[in-house]
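Peer 1: A structural model of the following input is requested.
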Amino acid sequence: MPRNDGMKLGVFLRQVGYHEGAWRDPSVSANGGVDIDHYARLAALAEGAAFHFIFLADSPSVIEQDHASIARSTRNDGFEPITLLSALSSRTPNIGLVATATTTYNAPYHLARMFASLDHLSRGRAAWNIVTSGHKFEATNFGEEELPDHDTRYIRAREFVEVVKGLWDTWEDDAFIRDKQSGIFADTAKLHLLNHRGGYLSVRGPLNIARPPQGYPVLVQAGASDAGMAFAAEVAEIVFTAAPSLEHGKRYYATLKEKARVLGRQDDQVLVMPGIIPIVGSTKQEASDKLQRLQSYTQIDDQIGLADRVLGFVTDLRSINLDSLVPEELPQTNFFQSRQKLLLDVAVRKKFTWRQLIRFVSDSKGHLMVVGTPDEIANVMVDTFDQRAADGFNVMPMTLPGELRDFVELVVPELRRRGKFRAGYAGQTLRENLGLKRPLNRFTRQA
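Peer 2: Next up is the predicted model:
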């Protein structure tokens with residue numbers, strides 16, 4: 001099946017690094033999460049290396065469940081993604097800007113307007129990472145006691161995305177003629193009311209901003225449960241997933257592409273980009289020492305709390321014998337079902353004890369982690385790409401800016417030497433740089 005040439009690369013920016021203890025590293029600026037200049041430097045570093053996009057995760061809540069964990073977490077002092085990327089759009093000319101926003105606790109009109117604005121501000125570089133809320137404490141911030149159930153969240157999300165796309169289409173591309181002589185600013189013959197009434201949403205429209213430069217901002221999705229994969233196959237143009245091994249990645253890649261084909265979508269319009277955590281050293285020992293130093297910055301109670309959360313709050317690891325084997329099954333969670341299943345699969349396959357699984361979660365949260373030399377990291381990435389387990393990667397540096405700089409200076413040249421990664425930007429918009437088609441306006445297509 002067709003495939004765009006070369007691997008795609010994004011960079012996952014989480015405040016001062018992906019590792020929970022990153023903020024304690026001497027090389028890290030502890031207040032980076034609310035420092036626009038810190039983010040601007042990271043964006044410039046990634047853009048200088050021709051990364052396709054920067055990626056910002058988000059949750060509209062504090063996600064830790066006790067004060068001891070909150071006290072040691074950096075994630076609760078950071079910018080809202082669309083606001084931050086709007087600021088960065090004026091400091092970067094080329095790199096894509098991916099913001100996470102939930103369909104569970106937003107209104108579609110608000111998100112349609114904000115992402116259209118970001119796409120105009122950046123001249124066509126915006127992307128929306130579509131998520132359904134999966135953190136236990138989000139509901140109570142929005143007047144609810146509990147999250148809606150998992151499958152219901154995805155049913156509503158599907159309708160939500162269709163409404164947002166419909167709002168982006170309500171003005172045709174050339175509707176705003178701005179004719180000073182006639183006094184006509186907008187050609188209302190090219191205005192189409194959405195008038196949506198569905199199972200969960202009712203939205204009239206029209207949107208009060210012109211159609212985005214890209215038609216739609218690029219649509220990103222990260223679900224890997226059955227409901228999540230079905231949703232990704234239908235709507236996503238980039239799929240961000242966790243694939244801790246080549247075998248897992250190949251299985252996920254093949255399954256998702258086939259689901260998309262059944263829906264009439266082309267392989268090169270659905271890009272699978274798993275997360276990768278590269279820890280780079282001039283020798284493997286140097287890289288291992290980096291990891292051990294980061295591990296020393298987290299306490300076992302924090303690691304247990306993280307594992308409980310990532311497994312969906314179905315265990316109480318503080319009351320379990322940590323040297324006993326992880327069981328093959330746990331109660332199903334209403335939170336992140338796919339991550340729970342992935343971690344259990346890894347634990348059973350590797351015969352992990354709870355203590356080993358807790359360490360695995362603390363280090364990678366289930367993503368592919370490669371600890372080694374630039375050559376070793378490039379080998380894994382190229383092999384994963386060539387064996388069709390990925391179309392590219394979302395690079396997740398453990399510390400920022402240090403590990404991002406090491407990746408850019410040491411691993412990117414290796415990828416280029418092997419002919420797998422580009423040297424510059426091919427187009428103006430994110431869609432052009434990813435090889436994704438610009439969507440037609442639904443109303444003109446119907447006409």
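Peer 1: Grab the longest helix from this protein for me.
Peer 2: helix 150-168 (DSSP state H).
Peer 1: ok, and what's touching the very next helix or strand once past that helix?
Peer 2: Sequence order places strand 196-197 as the next helix or strand after helix 150-168, per DSSP states H and E. When contacts are defined by Cβ atoms under 8 Å, 6 or more residues apart in numbering, strand 196-197 is touched by residues 162-163, 166, 202-205. In this view, the C-beta of every residue, glycine as well, is placed from N, C-alpha and C.
Peer 1: residue ranges with poor pLDDT in this structure?
Peer 2: Residues of the chain that meet the criterion pLDDT under 70 lie in 1-4, 446-447.
Peer 1: now do 50
Peer 2: 1-2 (pLDDT under 50).
Peer 1: where along it do the strands fall?
Peer 2: 8-12, 53-56, 96-102, 126-131, 196-197, 202-203, 218-221, 238-239, 271-272, 275-280, 368-372, 392-395 (DSSP state E).
Peer 1: And those strands: which comes nearest Asp35?
Peer 2: strand 53-56 (14.5 Å; Cβ to Cβ).
Peer 1: Pull out the buried positions in the closest one.
Peer 2: 53-56 (16 or more other Cβ atoms under 10 Å).
Peer 1: now do stretch 296-306
Peer 2: Buried residues in stretch 296-306 (16+ other Cβ under 10 Å): 298, 302-306.
Peer 1: just to revisit the earlier point, would you mind giving the strands of the chain as TSV with distance to Gly264 added?
Peer 2: Output for those, formatted as TSV (distance: least, Cβ to Cβ, whole Å):
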stretch	distance to Gly264
strand 8-12	23
strand 53-56	26
strand 96-102	25
strand 126-131	20
strand 196-197	23
strand 202-203	26
strand 218-221	16
strand 238-239	17
strand 271-272	17
strand 275-280	28
strand 368-372	31
strand 392-395	23
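Peer 1: Looking at those strands, which is nearest to Val34?
Peer 2: strand 53-56 (13.5 Å).
Peer 1: Test my guess that Pro401 contacts Ala43.
Peer 2: No - Pro401 lies out of contact with Ala43 (Cβ atoms under 8 Å); the separation is 10.6 Å.
Peer 1: what's near enough to touch the closest residue to Arg309 other than its chain neighbours?
Peer 2: Excluding its sequence neighbours, the residue lying closest to Arg309 (Cβ to Cβ, 6 or more residues apart in numbering) is Ile63, at 6.6 Å. Ile63 makes contact with 75, 135-137, 309, according to Cβ under 8 Å, 6+ apart.
Peer 1: now those in JSON lines, with neighbour count and distance to Lys257?
Peer 2: Compiled in JSON lines, those are given as follows (neighbours: other Cβ atoms under 10 Å; distance: Cβ to Cβ, whole Å):
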{"residue": "Arg75", "neighbour count": "17", "distance to Lys257": "33"}
{"residue": "His135", "neighbour count": "20", "distance to Lys257": "30"}
{"residue": "Lys136", "neighbour count": "18", "distance to Lys257": "33"}
{"residue": "Phe137", "neighbour count": "15", "distance to Lys257": "35"}
{"residue": "Arg309", "neighbour count": "20", "distance to Lys257": "31"}
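Peer 1: In helices, which of those residues fall?
Peer 2: Filtering those for helices - DSSP H - leaves Arg309.
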